[in-house]
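[1] Got a sequence here, can you model it:
(one chain, ligands or ions: 1)
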Amino acid sequence: MNTPFPEGFLWGGAVAANQLEGAYNEDGKGLSTQDVAPQGIRGPITEVPTEDNMKLVGIDFYHRYKEDVKLFAEMGFKVFRTSIAWSRIFPNGDELEPNEQGLQFYDDLFDECHKYGIEPLVTLSHYETPLHLSKQYDGWVNRQLVGFYERYARTVFTRYKDKVKYWLTFNEINSILHEPFMSGGIYTPKDKLSKQDLYQAIHHELVASATAVKIGHKINPQAQIGCMILSMPTYPLTPNPDDVIAAMKSEHMNYFFGDVHARGVYPGYMKRYFREHGIEIHMEPGDADILKHTVDFISFSYYVSICETGDSSKRTQEGNLIGGAPNPYLKASEWGWQIDPQGLRYVLNMFYDRYQKPLFIVENGLGAKDELITGEDGVPTVNDDYRIEYLNDHLVQVGEAIEDGVEVMGYTSWGCIDLVSASTAELSKRYGFIYVDRHDDNTGTLERYRKKSFHWYKDVIATNGQSLRRSGQ
Ligand code: BGP
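    Residues are numbered from 1 along each chain as shown. Next up, the predicted model:
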């Protein structure tokens, strides 16, 4: 077949527990940081869960996963990325014994995937620290979190040894720089959090991540354990060297996380940053050795690229968590995220040049408003040509990167079934191939319907990418 995608390429889709499972207080689950964040990342948090929090119900995946996995199988998924809700396994996070009902749920889910030959790809921590760890310990600022996370990781690695081969340690680990509560469970408000505490928290996560790699390999030598980075290629706004250096510095802030995960040491530019900002990372004996347990592969999300400039008055763009200056050559989504398919080829090359490790694109997609219509067969559907175009153009660029020699393990498009948005907590920001009848005012039947993109993606997978259309074709 005339396709750049290698045989065995892992096609699939991605979700996160807190954005679709619902059942936030069932079967012994404890509260997580998401259960008190009804308005998404930047909104205020509440004392207790409130009814307007769409995530409490999600799309009721907890009770409907069999129907959903069947639909994924119909599309031909080879892999399904989801996360384990830490607070289902350790409701408060600091218990000594896990919650059996929580463990059983994921046993059943992974069995269901295997029934159809779908390999689970599991994120240990996807924006949902147990709330107790956040409130009582201030999240990852506290060194004790390393031990709690280790116990959790050991528990699930052991339990799912024969069911899960691919693991990710922290979702978009670098997002803690911008969203310390959601990403790092840090309860101290962002404007009161010192750089010292922030970078100490990051150190704890990096140590925890490397510890997970170490124990994961011990428990199952076949396990493939990766880090997960929010990628955002940064272009200089102009050829002005000030802009070029500003772009380089911005890239460093994100590469820092990949560098430690892939090379096992702190890079020189971060040591300089620490010196210049009066930050002293407290390292315990053994930390430097632990960090040497580097990841098997690098995974990342990709939605947008940004521009950087030395002139801070030009930095206005709203992007996926990280701002920047708008790129005059690119169009944006309805939520202002600039669309740049070639940026994906670029970032794949950059990561591969830097690390020479296999790469996995574990998030990419278009959040858009969909209109449910009656299809020719009388069944409701969505004509989401805009989503097809977005995904097609990005996948063509993945093919280009593979032609460039980049080793790409797979691609899981974000929100393969409609779910609650992380940044805005809306359901109307839809990414799925499968439409879910649920709305921002909490109404809806929760019925599932195949969109046009469902059939399109099925074809892409069946032909291993041969059906993708390059522009002009
Ligand atoms: C990433 C998160 C996901 C996801 C995605 C889309 O940052 O890892 O959890 O939600 O972005 O973002 P949003 O849901 O805000 O549109």
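[2] Now the phi/psi pair for Tyr390, please.
    phi -60, psi -50 (degrees, to the nearest 10).
[3] How about the contacts made by it?
    339, 341, 365-366 (CB atoms under 8 Å, 6 or more residues apart in numbering). For glycine as for every other residue, the C-beta is placed from the backbone atoms N, C-alpha and C.
[4] Quick one: list the elements packing against the helix or strand Ser301 falls within.
    Element membership of Ser301, judged by DSSP states H and E, is strand 297-302. Contacts defined by 3 or more CB pairs under 8 Å, 6 or more residues apart in numbering; DSSP states H and E place strand 297-302 against strand 224-231, helix 241-263, helix 341-355, strand 359-363.
[5] Which other helices and strands does the longest one contact?
    It stands for helix 241-263. Counting contacts by 3+ CB pairs under 8 Å, 6+ apart, helix 241-263 packs against helix 195-219, strand 224-231, strand 234-236, helix 268-276, strand 297-302, strand 306-308, helix 341-355.
[6] for the shortest one, same thing?
    The elements that strand 359-363 packs onto, with contact taken as 3+ CB pairs under 8 Å, 6+ apart, are strand 10-14, strand 297-302, helix 341-355, strand 408-414.
[7] Show me which residues of it are buried.
    The neighbour-count check on strand 359-363 (16 or more other CB atoms under 10 Å) flags 359-363 as buried.
[8] State the mean pLDDT of that strand.
    For strand 359-363, the mean per-residue pLDDT is 99.
[9] I'd like the numbering to begin with 21 instead of 1 from here.
    All right, first residue 21 from here; so that's strand 379-383.
[10] Which residues are in contact with the spatially most central residue of the chain?
    Taking CA atoms, centre = their mean as the criterion, Asn191 is the residue nearest the geometric centre of the chain, at 4.6 Å. By CB under 8 Å, 6+ apart, Asn191 lies in contact with 36, 103, 143, 145-147, 203, 248.
[11] How many residues are close by the residue nearest to Phe380 when sequence neighbours are not counted?
    Nearest non-adjacent residue to Phe380, counting by CB to CB, 6 or more residues apart in numbering: Ser319, 4.0 Å away. Neighbour count of Ser319, defined by other CB atoms under 10 Å: 28.
[12] if I look at Ser319, how far off is Met248?
    Using CB to CB, to the nearest Å, Ser319 is found at 5 Å from Met248.
[13] How about Arg171, nearest residue that isn't a chain neighbour?
    Using CB to CB, 6+ apart, the nearest residue to Arg171 is Phe110, at 7.3 Å.
[14] Just give the number of residues close to the one you found.
    Counted with other CB under 10 Å, Phe110 comes out at 23.
[15] before we move on, back to that, now go through the contacts of Asn191 and say which are in strands.
    103, 143, 145, 248 (DSSP state E).
[16] ok, the last one touching Thr143?
    Yes: using CB atoms under 8 Å as the test, Met248 is close enough to Thr143 to be in contact (6.7 Å).
[17] Overlap in contacts, the two.
    The contact sets of Met248 and Thr143 overlap at 188-191 (CB under 8 Å, 6+ apart).
[18] Kindly indicate which of those residues lies nearest the ligand.
    Asn191 (5.1 Å; CB to the nearest ligand atom).
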